[in-house]
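Chemist: Model the structure of this input:
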Amino acid sequence: MNPSSGQPLCGRPCVPSGARSIRCTCRPPSTQWPSTSWMRMPSGEWVPTPHMGPAPAICLLPARVTAGTAGHFGSSLQPGRRGNPSRDDVIGKVCLTRDTLAAHPKGFSGWAHLTEVDPDEEVQGEIHLRLEVVRGPGPCRLRCSVLEARDLAPKDRNGASDPFVRVRYNGRTQETSIVKKSCYPRWNETFEFELEEGAAEALCVEAWDWDLVSRNDFLGKVVFNVQRLWAAQQEEGWFRLQPDQSKSRRGEGSLGSLQLEVRLWDETVLPSGCYQPLVQLLCHEVKLGTQGPGQLIPLIEETTSTECRQDVATNLLKLFLGQGLAKDFLDLLFQLELGRTSEANTLFRSNSLASKSMESFLKVAGMRYLHGVLGPIIDRVFEEKKYVELDPSRVEVKDVGCSGLHRPQTEAEVLEQSAQTLRVHLGALLSALSRSVRACPAVVRATFRQLFLRVRERFPGAQHENVPFIAVTSFLCLRFVSPAIMAPKLFHLRERHADARTSRTLLLLAKAVQNVGNMDTPASRAKEAWMEPLQPTVRQGVAQLKDFITKLVDIGEKEELDLQRALSLQAPPVKEGPLFIHRTKGKGPLMSSFKKLHFSLTTEALSFAKTPNSKCVNELNQWLSALRKMSISNPGLLGSYHPGIFRGDKWSCCHQKDKSDLGCDKTRSRVTLQEWNDPLDHDLEAQLIYRHLLGVEAMLREKQRELSAAGTEAGSALRGSGEAPKDPLAQLFQVLQDLREAHRSSPASVPPSETNRLLELQT
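Modeler: Residues are numbered from 1 along each chain as shown. The predicted structure follows:
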């Protein structure tokens, strides 16, 4: 960095190491680099993507439709092979810079042109260099030491690269040695160039992947202004590899456009102790229920707009779920909803806070249960790939083929076979649901019991006999099972979206489930008369579903307390399942080098056993994310680590032979998963709730003035008897003020002082 101008030698702005995390509506939080792009991988994890420009923030790649699939966002930077149905072809990319998003505080909304995906522009990683001007009796010399690199893009089929570095200056080119099979190479090689004072030539350091047969693959480059180096004399640091943007591009808009809605905002999460007053106040209000003196939860619901209601509901639900008060919180919302509902047929049909919170609750607490019940049926639909259609106006006999050697099927035969296929799937689903009472989590059963009882109290009488059942199915079937059937990928039941034929089958099956959930009312039958062939199965399903709900809500207080007591003896698992541990030295040539153990990660410990306690899918990225989340507050967290293993006599990542050698990659902790698989992060949820309360603070103060004016008489009587209760709104405003002061004094909110040490700024 130039001491006089404060600019880095490479001409690009540096990012301070204490930068705050960046969050956006599509949920990719940043790590230490606010200008880093993020990509959602097929496994569901958000990971940093290669650099796309001066200050990239989010990169989206729409995939070309293959094998009849519906269009969706692609997840790979490398274009797929044409004609290969197992890979999606990338049409183009959309890159939104952080400056663009910062210019729209309420979010960016509009059309963005697709641009080409050039492998030479999709780079990632950093390189460690030392630059110095060596003065002597002769002409000055420019010395460039290429030390190491990290997190380089894997270009070879083995998941690594064979990197080398090419240094160019003033017409001369020098190269390092080739490090085989590594994305974390170390060279420690030095090159010198004759330096002429006043020369305008730039120093270019390029990283390449060596290939024996095909051309070498570009890994990124860093360009330095030599004139600035004259003033600094010597600099050392980690430099972000930049793309090669020298190639010509197609005309803007020639690849199409995408309409996007993206919002970006900063969040600084304080230590847990700062949020305890807020958490305790909210928990106290939930325990008081509707009889609370200030009714804080009802006021939060009243002041929450429709646009942010889902986010607020999810944050509150996760917070109370971590405090063991999810059932009490939902019960309070049930009572509030029932208190303002006069017609039974409109109950829980709106997007109220109760509906949104219950929807989030099922996705957080019941996802494993859903997989156990619905997973086999969804897999069967995907495997069969049968043509299913009940609407006569949409039947296409040519899509079905022939029933025999010569005669094509008639429309009636297609409709009958489709109805039979749907009957089988619907019957299998209802049977699996009927057998799953004991598999349903106790907290879910207890919550449904509260819902069932509250609705029955509100709407008694024989004419409302089905209303408590419909209240349960409005969440279980209409907001949980049916959406999972229509979009299994969003509920992690499948890795890919369904093709057009399978999507239609899933849609018809979801409609049948909705009819069963509506208890086969005349209104539901009148909507689509062509669903009539399924009515016998639907009517039978209604009886099965009512029997299932009766058993589901039949969980006594003692049984619930026993289950809660059993859970309280051990910390709830954040992640559990099998992992394969690599043995550095095998016991023999026929012995496997991997050992399978079953791990369980809780908020208190990481344990393992030889046999599993429960079945779980092994997804390494989820394990890594869960471990990183649990170690965020670890004061002994290492600054670097080895992403590989120590095999034989060297590390597989950087090929260093010292087992105690410092890590070749820096530790990253802020990595998240898909929303419903995320371990509960109580501090983050409390911070998001605090941020929302700040936004509605003026409305809450207005409500406080209204309540004070309406309750002056009652308050005077209580003060006269010496029993005046504390105003929860006043307590809330004091908590918000304390958190506001804590944020102001937080080191993350204080701009770092400018420094000349480029190494500190880059790492």
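Chemist: Do a quick rundown of the helices in the stretch 301-450 of the chain.
Modeler: Taking DSSP state H, counting those that start in this stretch to define them, one finds helices in the stretch 301-450 of the chain at 309-322, 326-339, 353-365, 367-384, 411-434, 442-458.
Chemist: Let me have those in CSV, extended by mean neighbour count.
Modeler: All C-beta spots, glycine's among them, are computed from the backbone N, C-alpha and C. Output for the helices of the stretch 301-450 of the chain, formatted as CSV (neighbours: other C-beta atoms under 10 Å):
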stretch, mean neighbour count
helix 309-322, 22
helix 326-339, 22
helix 353-365, 22
helix 367-384, 17
helix 411-434, 18
helix 442-458, 20
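Chemist: Identify whichever of the ones you listed lies nearest to residue 641.
Modeler: helix 309-322 (28.4 Å; C-beta to C-beta).
Chemist: Can you name the residues that contact the closest residue to residue 390 other than its chain neighbours?
Modeler: With C-beta to C-beta, 6 or more residues apart in numbering as the criterion, residue 390 has its nearest non-adjacent residue at 5.2 Å, and that residue is residue 530. By C-beta atoms under 8 Å, 6 or more residues apart in numbering, the contact set of residue 530 is 390, 391, 392.
Chemist: Next one: residue 530 from residue 389, what distance?
Modeler: 9 Å (C-beta to C-beta, to the nearest Å).
Chemist: With residue 365 instead?
Modeler: Counting by C-beta to C-beta, the gap from residue 365 to residue 389 is 36 Å.
Chemist: before we move on, back to that, buried only: go through the contacts of residue 530 for me.
Modeler: With burial judged by 16 or more other C-beta atoms under 10 Å, the buried subset of the contacts of residue 530 is residue 390.
Chemist: From residue 339, how far off is residue 191?
Modeler: 77 Å.
Chemist: do the same with residue 474
Modeler: Distance from residue 474 to residue 339, by C-beta to C-beta: 18 Å.
Chemist: Dump the helices of the stretch 301-450 of the chain into CSV; add distance to residue 506 and mean pLDDT as well.
Modeler: Listed next are the helices of the stretch 301-450 of the chain as CSV, based on distance: least, C-beta to C-beta, whole Å; pLDDT from 0 to 100:
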stretch, distance to residue 506, mean pLDDT
helix 309-322, 24, 89
helix 326-339, 29, 90
helix 353-365, 18, 90
helix 367-384, 6, 92
helix 411-434, 9, 92
helix 442-458, 24, 91
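Chemist: Can you lay out these as CSV showing distance to residue 182?
Modeler: Converted to CSV, the helices of the stretch 301-450 of the chain look like this (distance: least, C-beta to C-beta, whole Å):
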stretch, distance to residue 182
helix 309-322, 40
helix 326-339, 47
helix 353-365, 40
helix 367-384, 38
helix 411-434, 48
helix 442-458, 47
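Chemist: Any idea which of those helices gets closest to residue 727?
Modeler: helix 326-339 (19.1 Å).
Chemist: Identify all contacting residues around that closest one.
Modeler: Contacts for helix 326-339 (C-beta under 8 Å, 6+ apart): 286-287, 289-290, 297-298, 301, 316-317, 320, 347-348, 352-355, 357-358, 361, 365, 443, 446-447, 450-451, 454-455, 458.
Chemist: Over to residue 578. Which of the three states is it?
Modeler: Following DSSP: H, G, I helix; E, B strand; the rest coil, we place residue 578 in the strand state.
Chemist: just to revisit the earlier point, which one of the helices of the stretch 301-450 of the chain lies closest to residue 655?
Modeler: Between the helices of the stretch 301-450 of the chain, helix 367-384 lies closest to residue 655; by C-beta to C-beta that is 41.0 Å.
Chemist: Report the angle between that closest one and helix 411-434.
Modeler: 160 degrees (axes from the mean of the first three to the mean of the last three C-alpha atoms, to 10 degrees).
Chemist: Now do helix 367-384 against helix 353-365, angle only.
Modeler: Using the same axes, to 10 degrees: helix 367-384 against helix 353-365 is 70 degrees.
Chemist: Just list what helix 367-384 packs against, helices and strands only.
Modeler: Judged by 3 or more C-beta pairs under 8 Å, 6 or more residues apart in numbering; DSSP states H and E, the packing partners of helix 367-384 are helix 411-434, helix 482-486, helix 500-517.
Chemist: what does stretch 297-313 contact?
Modeler: Residues contacting stretch 297-313 (C-beta under 8 Å, 6+ apart): 282, 285-286, 290, 316, 329, 332-333, 336, 351-353, 356-357, 359-360, 688-689, 692-693, 696, 699-700, 703, 729.
Chemist: Revised request: answer the last question for stretch 697-706.
Modeler: Against stretch 697-706 from outside (C-beta under 8 Å, 6+ apart): 299, 302, 303, 693, 727, 729, 730, 732, 733, 736.
Chemist: mind redoing it with 10 Å?
Modeler: Among residues not part of stretch 697-706, those counted as contacts by C-beta atoms under 10 Å, 6 or more residues apart in numbering are 294-296, 298-300, 302-305, 693, 696, 727-730, 732-733, 736-737, 740.
Chemist: Show the contacting residues for residue 147.
Modeler: 127, 128, 129, 130, 185, 186, 187, 188, 189, 190, 236, 238.
Chemist: List the buried residues of stretch 514-527.
Modeler: 514, 515, 516, 517, 518, 519, 520, 524.
Chemist: how about the residues you listed in a markdown table, adding distance to residue 144?
Modeler: Shown next, in a markdown table, are the buried residues of stretch 514-527 (distance: C-beta to C-beta, whole Å):
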| residue | distance to residue 144 |
| --- | --- |
| 514 | 67 |
| 515 | 72 |
| 516 | 71 |
| 517 | 68 |
| 518 | 72 |
| 519 | 76 |
| 520 | 77 |
| 524 | 73 |
